[in-house]
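J.: here is a sequence with its predicted model. Questions after.
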There are 2 protein chains.
Amino acid sequence: MRRADFKRKTRVIVVDDNYDHASGIRELINLEQDYEVIANAGNVDVAISLIKKYQPDIVLMDINMPETDGITAISEIEKLGLKTRIIALTGYDEADLIYRAMKIGAKGYILKTMASAQLIRALDEVSMGKIYLPSVLCSKFFEYFQAAEKNEKAYNAADDEENLLNYLTNREEEVLGLLTEGITYKGVAQQLFISETTVKTHVNNIFQKLQVNDRTQAVLYAINKGFSSRKKAKIA
Amino acid sequence: MRRADFKRKTRVIVVDDNYDHASGIRELINLEQDYEVIANAGNVDVAISLIKKYQPDIVLMDINMPETDGITAISEIEKLGLKTRIIALTGYDEADLIYRAMKIGAKGYILKTMASAQLIRALDEVSMGKIYLPSVLCSKFFEYFQAAEKNEKAYNAADDEENLLNYLTNREEEVLGLLTEGITYKGVAQQLFISETTVKTHVNNIFQKLQVNDRTQAVLYAINKGFSSRKKAKIA
DNA sequence: CTTGCTCTAAATCTTTAGATCTAGTACTTA
DNA sequence: TAAGTACTAGATCTAAAGATTTAGAGCAAG
């Protein structure tokens, strides 16, 4: 690493409520000449103030602590906007934990059960700006990620059959599109070069088809069924 | 693999517009006793009809084809809801391509420049139901993924300072909450046990604070700024 | 060539919505 | 105690929104 040229070690803070475990990690890391553990923290509040003060290069964050959960902690730290990179550390390889940690900005994820060499490798990779996620955990992540994306799609598309938006005519879609921008009848009429009465007719037909009573409900229905995103897709 | 017990090879379809390259892959795969390439497709339309007909175990999909783009193709295939697993294959390691491919359900991603052993390993992993993403590509993915998540957050939260929702009083938040459900003044009045006039007063104050002219715009503002999700979070 | 759908638009009416101003009560803070 | 803020609510308008009915023009399919 280039930093070693300046004899500046990569500074690490370890956050773990288990003192013995934290000490173990400290010993392990301090054996490496490129790294030094500059502080330990037994809970999230202490951790955050230490991180603010010392702005370490890397934080090793235990995820399963009793009081505050580590996920929230990572989120808090990321909000600080420092260059500090976070590696999550847990005993479990649950897909949703991995997903959430990586989603909010963790740069690596390792299991406590993994060999100590893995820890050092994670430090090496992450300190160089890379992501470190062992392939097993990577699989877990994608398991969750792809399921989440699938659900979101299903939610937005809502099975096409039950999506009342599909019964709208082209013109009605256009009108609804303008309604979802918060435009008045008069405004819609001007934009589409039709009379206000015609707009009212269309809007009434839309209400019938979407089974709602007013524009606000229509707009809400449209948004929930992914209307706006579909529109954007069409334009783009 | 268990399938080998029944002497049933894992069936692969290769989709690549470059015939020479497709042939090369075919040769390579057919050297393995656990796999057989049952078809080649030079374009997406042919590919989809072949996949429908033969329902292969794995599809090797070239992403950078001239006519239809491979990403859309993957999406189409996933929509079929088969057990077929897709491995993306490209010449480039662009973060957004990897992100998009994995997002829509690809089970693996490999570069054409990678050693042939990688291809076989990918087949092995994916056919066992795992994800195959070499660590370099994994890093690329997360680079894009975390940036995307960060942007979305920034868009939704809108920096608190500029989020006009923060200027609303508790009562006004309640009223706005009901407006976002498409309820009339009268309805809001009944639910909150106050007069309709009072509701109008609140709503007017909301309009002032959010700098909008009517309820539809207020609701849209609220939704875009993550109002509903905040409400849900409070309830839960 | 007739049936049906889409888009257009008028007339008429009732109901909400929204703007504005005033004002009382209650609670907090300087 | 006086000033400030939140919540309440009245009166009085005007402007939109929405319901309903009727109807003509254009176009596609049977």
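T.: Yes, it's here.
J.: hmm, which helix or strand of chain A has the shakiest average pLDDT?
T.: helix A:227-235 (a mean of 40; mean pLDDT, DSSP states H and E).
J.: element containing the residue nearest to residue A:198 when sequence neighbours are not counted, please.
T.: Leaving aside its sequence neighbours, residue A:198 sits nearest to residue A:189 (C-beta to C-beta, 6 or more residues apart in numbering or on different chains; 7.2 Å). Heads up, the C-betas are built off the backbone N, CA and C, glycines and all. Assessed by DSSP states H and E, residue A:189 sits inside helix A:185-192.
J.: the following helix or strand past that helix: which residues count as buried?
T.: Downstream of helix A:185-192, the next assigned helix or strand under DSSP H and E is helix A:196-210. Judged by neighbour count using 16 or more other C-beta atoms under 10 Å in any protein chain shown, the buried positions of helix A:196-210 are A:199, A:202-203, A:205-206, A:209-210.
J.: got the angle for helix A:196-210 vs helix A:185-192?
T.: 100 degrees (axes from the mean of the first three to the mean of the last three C-alpha atoms, to 10 degrees).
J.: does the very next helix or strand once past helix A:196-210 pack against any helices or strands, and if so which?
T.: Going down the chain from helix A:196-210, the next helix or strand is helix A:215-224, by DSSP H and E. With contacts defined as 3 or more C-beta pairs under 8 Å, 6 or more residues apart in numbering or on different chains; DSSP states H and E, helix A:215-224 has these neighbours: helix A:170-179, helix A:196-210, helix B:215-224.
J.: for the helix holding residue A:189, C-alpha coordinates in CSV please.
T.: C-alpha atoms of helix A:185-192 as CSV (Å, rounded to 0.1, in the frame of the first residue of the first chain):
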residue,chain,number,x,y,z
TYR,A,185,-59.1,21.3,-15.5
LYS,A,186,-58.4,24.6,-17.2
GLY,A,187,-54.7,23.8,-17.3
VAL,A,188,-55.2,20.4,-18.8
ALA,A,189,-57.6,21.9,-21.4
GLN,A,190,-54.9,24.3,-22.5
GLN,A,191,-52.1,21.8,-22.6
LEU,A,192,-54.2,19.3,-24.7
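J.: and that helix, how far from the chain's centre?
T.: Between the centre of helix A:185-192 and the centre of its chain there are 39 Å (C-alpha atoms, centre = their mean, to the nearest Å).
J.: do that helix and DNA strand D meet at all?
T.: Yes. Using C-beta under 7 Å from any atom of the strand, helix A:185-192 reaches DNA strand D at A:185-186.
J.: nearest residue to the middle of chain A?
T.: residue A:103 (3.7 Å; C-alpha atoms, centre = their mean).
J.: in which helix or strand would I find the residue lying closest to that one once chain neighbours are set aside?
T.: Using C-beta to C-beta, 6+ apart and skipping residues adjacent in sequence, the residue nearest residue A:103 is residue B:149, 5.4 Å away. Assignment of secondary structure by DSSP H and E places residue B:149 within helix B:135-157.
J.: where's residue A:138 relative to residue A:144, distance?
T.: As judged by C-beta to C-beta, to the nearest Å, residue A:138 and residue A:144 stand 11 Å apart.
J.: wait, residue A:192
T.: Distance of residue A:192 to residue A:144, given as C-beta to C-beta: 44 Å.
J.: not counting sequence-adjacent ones, nearest residue to the closest residue to DNA strand D within chain A?
T.: Minimum separation of chain A from DNA strand D (C-beta to the nearest atom of the strand) falls at residue A:214, amounting to 2.9 Å. Here the nearest residue to residue A:214 in space, its sequence neighbours aside, is residue B:182; by C-beta to C-beta, 6+ apart that works out to 6.7 Å.
J.: surely the one you found is in a strand?
T.: No. Secondary structure assignment (DSSP: H, G, I helix; E, B strand; the rest coil) places residue B:182 in coil, not in a strand.
J.: surely it and residue A:210 touch.
T.: No. The pair residue B:182 / residue A:210 is not scored as a contact, 11.2 Å apart, by C-beta atoms under 8 Å.
J.: near residue A:97, how many other residues are there?
T.: Residue neighbour count, defined by other C-beta atoms under 10 Å in any protein chain shown, stands at 22 for residue A:97.
J.: enumerate the positions of the host helix or strand of it that are buried.
T.: Using DSSP H and E, residue A:97 sits within helix A:95-103. Of the residues in helix A:95-103, A:95, A:97-103 count as buried by neighbour count, 16+ other C-beta under 10 Å.
J.: can you put these in CSV and add pLDDT and distance to residue B:46?
T.: As requested, the buried residues of helix A:95-103 are exported to CSV (pLDDT from 0 to 100; distance: C-beta to C-beta, whole Å):
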residue, pLDDT, distance to residue B:46
A:95, 89, 36
A:97, 89, 42
A:98, 92, 38
A:99, 92, 36
A:100, 90, 41
A:101, 92, 42
A:102, 93, 37
A:103, 91, 38
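J.: for residue A:168, state which of those is nearest.
T.: Nearest to residue A:168 among the buried residues of helix A:95-103, counting by C-beta to C-beta, is residue A:103 at 35.1 Å.
J.: residue contacts, the closest one?
T.: Applying C-beta atoms under 8 Å, 6 or more residues apart in numbering or on different chains, we find residue A:103 in contact with B:145-146, B:149.
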